[in-house]
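# model the structure of this input:
(one chain, ligands or ions: 1)
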Amino acid sequence: MNIIQLIEKKRDKNPLTAEEISFFVQSVCDETIPDYQISALLMAICINGMTDEETALLTNAMAKSGDTIDLSYIDGIKVDKHSSGGVGDKVTLAVAPMAAACGLPTAKMSGRGLGFSGGTIDKLESIPGFRTSLTEEEFVTFIKRDGIALMGQTKNVAPADKKLYALRDVTGTVPSIPLIAASIMSKKLACGSDAIVLDVKCGSGAFMKTPEEAIKLARSMESIGRQNGRRVTALITNMDQPLGNAVGNALEVREAIETLKGNGPSDFTELCLTIGSFMLVSGEKANDLPQARKMLETSIQNGSALNKFKQFISNQGGDPSVADDPSLLPNANTVRILRSPCSQLISGIDGEKVGNAALTVKAGRLVKTDIIDHSCGFILLAKAGEKVEKGQPIAEIHASDEASAKQAEEQLLSAYTFGDNFEEKPMLLAYVDREGIHYDKNNDR
Ligand code: URA
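Residues are numbered from 1 along each chain as shown. Here you go, the predicted model:
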């Protein structure tokens, strides 16, 4: 077997066998085939696709290319969650303590962000003292004792994905459903959970721009999970504008805390309740989605979710009093107000543009070595669908200096569109599980 035969086979639209796929992944890891041949095969896959079976085999080989994490020491069904990412997506910060307060052990490994605003790890590191590098012993102790821990990915998880993703990034082969699905799911399979709730974002601020594309990706990831013995539920959620009001690390932590107190923005709260409900059902802590939602709402009302958050922060060296006094989080040197240029309806807020403006105030990284300023970012005071008056404040720009605040102001304004129409969409557009696709969010399972 050699790589040229594989490239030719895929070029001619023929499926690759299990042996061929594992030979490819092994050779990528051993660096025995050059980048140009790997890239040629990636392009052939990008153009001609892969069957569900090929995609599951590729994912499995990628998942096994590095360390796999054993969570069997935690009793019960372990549920992971993952989002395809979006501006203002701080769901893990709120949903992890909510789910843990409802009895679901939440053992999560998360990454840092690249581009737009930071990842979950960056957000949590804005809490004074908080440690995301835990020993395995600490991780286990916290989960067994308190049902919650979150750490940065220290192990060598799915190294084949790292290599393939780096090449895809520079060869125009990122937008391929089988390659995206295999990339995401290889890391999820390696992290050892029994069930996975995926949030596939759909809309202008997301990777998948249309529901059709998002459903295809969701189906592919569910199929990979099923063929590898995992229970996957993939939600397709609306992402036509940034999620919630806060964009930027400490500002997002503050918003998550407010949400745990019952004062969160309605879109963000709704998404947390939705994802949390699917997590509780997948982990068999609730019989159906309505019961799960009630449990999560109760965890907010009775303060148990907020207490779980404090316990989690304190376990990992952070100052839990930020939950009572969020002004203890880093505060930006300067806050500039963006005002509406007209009296009209906000018809849209482009997530990508908001994300790029966030880079200007250093709320995210352009390259891995960039240093994030945790205090910076935006508070969107008015969202799409709201009518505003000329001169009305529509956003706060939190920055380290006036110059970057001014630069971000122009970029942020360009993200807003004003007009006569705004189509309100439900947060949950559909979900895919082993039974197929469901469009009714109240569908009891
Ligand atoms: N996220 C990933 O981890 N991989 C992709 O290919 C796309 C998004």
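# from the chain, which residue is nearest to the ligand?
As assessed by C-beta to the nearest ligand atom, the ligand sits closest to Ser183 within the chain, at 3.4 Å. Where C-beta positions appear, they are placed from N, C-alpha and C, glycine not excepted.
# what about that residue, how many residues close to it?
21 (other C-beta atoms under 10 Å).
# so it makes contact with Leu167?
No - look at Ser183 against Leu167 with C-beta atoms under 8 Å: they stay out of range, at 11.6 Å.
# re the thing from before, quick check: closest non-adjacent residue to the residue of the chain closest to the ligand.
Asp161 (5.1 Å; C-beta to C-beta, 6 or more residues apart in numbering).
# what secondary structure does the one you found sit in?
helix (DSSP: H, G, I helix; E, B strand; the rest coil).
# residues from the stretch 251-400 of the chain in reach of the ligand?
Selection of the stretch 251-400 of the chain residues close to the ligand by C-beta under 6 Å from any ligand atom yields an empty set.
# mind listing the helices for the stretch 251-400 of the chain?
266-282, 289-301, 304-315, 351-360 (DSSP state H, counting those that start in this stretch).
# same question for the last one, mean pLDDT?
It refers to helix 351-360. The average pLDDT within helix 351-360 is 92.
# and if you look at the third one?
Per-residue pLDDT values over helix 304-315 give a mean of 98.
# next structured bit after the one helix or strand Val432 maps to?
In this structure, Val432 sits in strand 428-433 according to DSSP states H and E. As assigned by DSSP H and E, the chain's next helix or strand after strand 428-433 is strand 436-438.
# partner strands of that next one and their direction?
As defined by DSSP bridges, the strand partners of strand 436-438 come to strand 428-433 (antiparallel).
# could you give the angle of the strand it pairs with to helix 289-301?
Relative orientation of strand 428-433 versus helix 289-301 (axes from the mean of the first three to the mean of the last three C-alpha atoms, to 10 degrees): 120 degrees.
# neighbouring contacts of strand 428-433?
Here strand 428-433 makes contact (C-beta atoms under 8 Å, 6 or more residues apart in numbering) with 202, 211, 214-215, 218-219, 222, 231-238, 274, 278, 437-439, 441, 445.
# now which of those would you call buried?
Buried by 16 or more other C-beta atoms under 10 Å: 202, 211, 214-215, 218-219, 222, 231-238, 274, 278, 438, out of the contacts of strand 428-433.
# list the ones among the residues you listed that fall in strands.
202, 231-238, 438 (DSSP state E).
# residue ranges in the protein under the pLDDT threshold?
111-118, 205, 440-445 (pLDDT under 70).
# centre-most residue in it?
Ser83 (2.8 Å; C-alpha atoms, centre = their mean).
# what is it paired to in the beta sheet?
Bridge pairing for Ser83 - DSSP bridges - gives Asp199.
# that one reaches Val95, doesn't it?
No - look at Ser83 against Val95 with C-beta under 8 Å: they stay out of range, at 10.2 Å.
# I am finished for the moment; much appreciated.
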